[in-house]
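> Generate a structure from the sequence data that follows.
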Amino acid sequence: EALGASSAIVTKIAGSERLRIDSNGRVLTGHTAALTKFHGPYSTNKRNPHIQVNGTTVNDASLSLTSWDNNVVGYYGPALFLAKSGSSTIGTNARLDNINSILGSIIFSGDDGDEFIKGAMIQAAVDASTGGNDMPGRLMFHTTADGAQEPTERLRIGADGTLTKYWDSSTIQAIFPGSS
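Below is the predicted model of the structure:
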């Protein structure tokens, strides 16, 4: 059902709305308007995710990627791709060559009564020089301390396998060096 040229496309089943594509192309379920109160990485706020799944239970507000294949090879399992290009033009490729470039973030947020505030975050970043078929990466785990506005990096797994624990802003401990 189209709701006017500048409105939305709505899919209803038995009279109940099940899916909406708003005038900005955002895909919504469980709500009639896109939510815009998400805090993103690096103190950004008012983020407006392109796909939003809303609900009051895990059955309503969840996402499943399921592979139905009994093959042990990882190629046949489900996957979620977070990808970043060095190009600013959609559809073209350019090597991402900036060390520390964030490859992607998974942000865990809670509602403070006004906005969804970050409680924890996992990020992947470029860890060393890149090249053809070579993208050295690291994983960083951040948590937000009581009373803090932003998550702080607490644990890092480097491209060389080094596991680093951040005790506070001045104390760093390499727990398991990657090279022997």
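
> The closest residue to S62 other than its chain neighbours pairs with what?
Excluding the flanking residues, the one nearest S62 by CB to CB, 6 or more residues apart in numbering is V53, at 7.2 Å. C-beta coordinates here come from the backbone N, C-alpha and C atoms, glycine included. Beta bridges link V53 to T29, judged by DSSP bridges.

> does V53 really touch S64, like I thought?
No. Here V53 does not reach S64: they are 10.7 Å apart, not a contact under CB atoms under 8 Å.

> Comparing these two, which residue is more hemmed in?
Neighbour tally, V53 and S64, criterion other CB atoms under 10 Å: the higher count belongs to V53, 14 against 5.

> So that one versus Y42, what's the distance?
Per CB to CB, to the nearest Å, V53 is found 25 Å from Y42.

> what number of residues lie near the closest residue to E115 other than its chain neighbours?
Nearest residue to E115 in three dimensions, chain neighbours excluded: K37, at 4.0 Å (CB to CB, 6+ apart). A count of nearby residues for K37, using other CB under 10 Å, gives 15.

> got a list of what K37 touches?
N45, K46, D114, E115, F116 (CB atoms under 8 Å, 6 or more residues apart in numbering).

> so who does the residue nearest the centre of the chain touch?
By CA atoms, centre = their mean, the chain has its centre lying nearest to I106, at 3.5 Å. The contact partners of I106, by CB under 8 Å, 6+ apart, come to M121, I122, Q123.

> How far does the strand or helix carrying the first one sit from its chain's centre?
Under DSSP states H and E, the secondary-structure element containing M121 is strand 116-126. Using CA atoms, centre = their mean, to the nearest Å, we find the averaged C-alpha position of strand 116-126 to lie 8 Å away from the chain's own average C-alpha position.

> what does stretch 29-46 give?
Its chain's C-alpha centre and that of stretch 29-46 lie 12 Å apart, by CA atoms, centre = their mean.

> buried residues in it?
T29, A34, F38, H39, G40, P41 (16 or more other CB atoms under 10 Å).

> All the strands of this structure, residue numbers only.
Secondary structure of the chain (DSSP state E): strands at 8-13, 16-22, 27-29, 51-53, 102-111, 116-126, 137-143, 152-157, 163-166, 172-176.

> State the pair within the buried residues of stretch 29-46 that is farthest apart.
Across the buried residues of stretch 29-46, the longest distance by CB to CB is 24.8 Å; it joins T29 and P41.

> Low-confidence regions, this structure specifically.
In the predicted model of the chain, residues 1-6, 74-75, 169-171, 176-180 satisfy pLDDT under 70.

> mind redoing it with 50?
Where the chain drops to pLDDT under 50, the residues are 180.

> who touches the closest residue to P41 other than its chain neighbours in this structure?
With sequence-adjacent residues excluded and distances taken as CB to CB, 6+ apart, P41 is closest to S105, at 4.9 Å. Contact analysis of S105 by CB under 8 Å, 6+ apart lists G40, P41, L82, M121, I122, Q123, A124.
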